[in-house]
Structure formats: C-alpha cells, structure tokens
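**Student:** Build me a structure from this.
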Amino acid sequence: MGAYLLKRLVSNVLLVAIAASMAYFLAATSLNPRAKYEGRQPPVAEAVIDSMLDDYNLNDKTPVFERYVTWVSGVVQGDFGKTWEGKPVNDEMGRRVGVSLRLLLIGTVLGSGIGVAVGAYAAVRQYRISDRVIGVSSFVIMAIPVFVIATMLTIGAVGINDMLGFTLLEYTGEYNPVLSGWDQFTNRLNHLILPTISLCLGQVAFYSRIQRNMMLDVLGQDFVRTARAKGLTRGKALFKHALRTALIPAATYFAFAFGTMLTGATFTEKIFAWHGMGAWLVDSIHTHDVNSVAAVSMFAAVCVLVAGLLSDLVVAALDPRVRVS
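**Tutor:** Numbering: from 1, shown residues only. As a prediction, this is how the structure comes out:
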C-alpha cells in the first residue's frame, strides 16, 4: 500500500502544479490590474503606474511567461507575491485559510458522515415511508442551489430572532469581537451553525443517494447471507460486511464532492459575511488582483487533491485488493 500511496502523492503534487499554473495564466491574461490605477483624480502618471505594477509583478507590459517565472520562483520559496495594493498575499491568505478550513472540514465531516448514515438507513428501510421521505427530501435539496439555501437560512434566522425578541441564531460575521473567553467561544459556535448547515445539506443529500444505491446492491450479495448463516446478528452483518463494502464507491466520490463543497463555500462565505478564501476570490476577481486569484486557486487545488488522497487512503483501508496493487 505504501508504494501505491506514494505514487498517488507524487501525481497529486504534479496536478497541483499544473492547476496552479493554469490558474495563474488565466488570471494574468484575463484580469487588468492597471485599471485599478487609471481614471483617478488627479491622474497618475503612466510611468508611476508601470513602476508600481513592476514592483507587484502585475505589469501587463511584461510578457506573461516572464511574470509567471517570477511568480513561480516566489511560490517555491513560500512567497505568493503582493496584492494590487502592495500588501503581502501571504498575510491575507494566512488569515483567511483558517476561516475557510473551519467551514470546509466541519461541513465535510458532518455532511459525509450524516449522508452515509441516512443512505444506509434508507436502504435497510427500502420502500417504507422513511425511505420515500429521505429520497424526496434529498432530491429537493440537490435541486436547490447553495446560495438559495443560505439565503433562506438567513431569512429564517431573522424571522426567528424577531419573533423571540433576542438573537438566538447569528447570521452574519464570524464572531463578535467585543466578547472574550468562553463567551466568544460560544459566540463563534453560534455563528458557525447556519453556514455549516448550508454546506452540509447538499452533502447529506448527495451521499445519502449514493450510499442507498450502493447499500442496496450489497444487501443481496452472497457474502452478506453467508455472514448471517454463520450466526452474526442482522445488525453486525449489515455494519461489518455490507456497510464496509458499500462505502468503497462512496469514498471514491469524496474528492469530487469536496470540489462542490468549495464552490458552495464561496457563496456561503459571501452571504454570511465570512472573510474566507471563497469571499476573497470573488473580491480579487473584482479588483483584478492576479496574485490573489492565483493563490486562492492553488489553495482550492491543494484542498481537492488532499481530499482525493484521503479518499485513496479510505479505499485502501476498506478494500484489501488496493493494498497489494
């Protein structure tokens, strides 16, 4: 298994490099940082603009490949360059990465875990009322875009707070900076509830459908009946044999589902006023900030490929055939 995972790790590193390079070229050729300096009153001399853009490695008069080489040489040393305002991209990214990872990790763990459990339960209860309710609910949730779900949650929180006369659910920002200690910790948890729900719902619906179908395929297999014939209880046979086998296809979808989660996190962060990487990407595109867009794109590529590596680990743990290949 070690050789298998090492090959996957090397290929993922190469894919990150390719994805980051393509993102940089796309941003450098389509965005126009010069526009942020032109049209000011009083006008800024073109030579001054060129000098600033040269300092930030954003000058469109410099060949794009030359700018790319400068950017790569900095990234290799851990320096992602400067924003169009001259601030270090590293400082901004360091502050925002933790915000996004907080949402992504909690949303991924809860969404996938609850989705698998709900899907397995629906399969065991096939064609019963609970199975039909879960199926209809999943399809409805998957048909609703993330930003609509987030907006509906915000409207619902406002209505509940108004009805109760006090703030039960926080719906904007990451935390209240006035609070400290235990009060701030609980306040952060409150602010985390609605964004996490908006991200989790789609994951729960997605995984529940996959897990239900995979579980139904496994339940009729001979090895499940053999396990029951050997004296295992129905619960142990389902959990130890059927569920473990049915988890393998769901684990392979993990990286793709995580990519969808990243897209959803962008909308969620903007709607709930979380200053994470997704919100930064939208703002950076609006301000023609090439280096920031490239940094966020590289972060997204790393997250997706780490999710892919984790899915490989899960598959290798669940499927003995992978460990010897």
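
**Student:** my read: Ser100 touches His275, true?
**Tutor:** No. Ser100 sits out of contact with His275 when judged by Cβ atoms under 8 Å, with a separation of 9.4 Å. Just so you know, the C-beta spots here come from the backbone N, C-alpha and C atoms, and that holds for glycine as well.

**Student:** Looking at those two, which is more packed in?
**Tutor:** When neighbours are counted by other Cβ atoms under 10 Å, Ser100 comes out ahead of the other of Ser100 and His275, with 26 against 17.

**Student:** my guess is that one is in a strand, correct?
**Tutor:** No. According to DSSP: H, G, I helix; E, B strand; the rest coil, Ser100 belongs to no strand; its state is helix.

**Student:** shared neighbours of Ser100 and His275, which are they?
**Tutor:** Shared contacts of Ser100 and His275, defined by Cβ atoms under 8 Å, 6 or more residues apart in numbering, are found at Glu269.

**Student:** contacts for stretch 77-92?
**Tutor:** If you take Cβ under 8 Å, 6+ apart as the criterion, stretch 77-92 is touched by 33, 36, 52, 55-58, 71, 74, 93, 280, 284, 287-292, 294-295, 298.

**Student:** Ala19 and Ser297: what is the separation?
**Tutor:** 7 Å (Cβ to Cβ, to the nearest Å).

**Student:** Between the two, point out the one with more neighbours.
**Tutor:** Ser297 (21 against 17).

**Student:** which residues touch that one?
**Tutor:** Shown in contact with Ser297 (Cβ under 8 Å, 6+ apart): 19-20, 23-24, 27, 281.

**Student:** ok, now Ile149?
**Tutor:** Residues near Ile149 by Cβ under 8 Å, 6+ apart: 141, 198, 201-202.

**Student:** same question, Met214
**Tutor:** Contacts here follow Cβ under 8 Å, 6+ apart; on that basis Met214 touches 119, 246-250.

**Student:** quick one: which of those sit in strands?
**Tutor:** Judged by DSSP state E, those include no members of strands.

**Student:** Any of the residues you listed buried? List them.
**Tutor:** Buried residues within those, counting neighbours by 16 or more other Cβ atoms under 10 Å: 119, 246-248, 250.

**Student:** Out of the contacts of Ser297, which comes closest to Ile106?
**Tutor:** The closest of those to Ile106 turns out to be Leu281 (Cβ to Cβ; 20.2 Å).

**Student:** Can you give me the buried ones in stretch 276-291?
**Tutor:** The neighbour-count check on stretch 276-291 (16+ other Cβ under 10 Å) flags 276-281, 284-285, 287-291 as buried.

**Student:** Lovely, talk soon.
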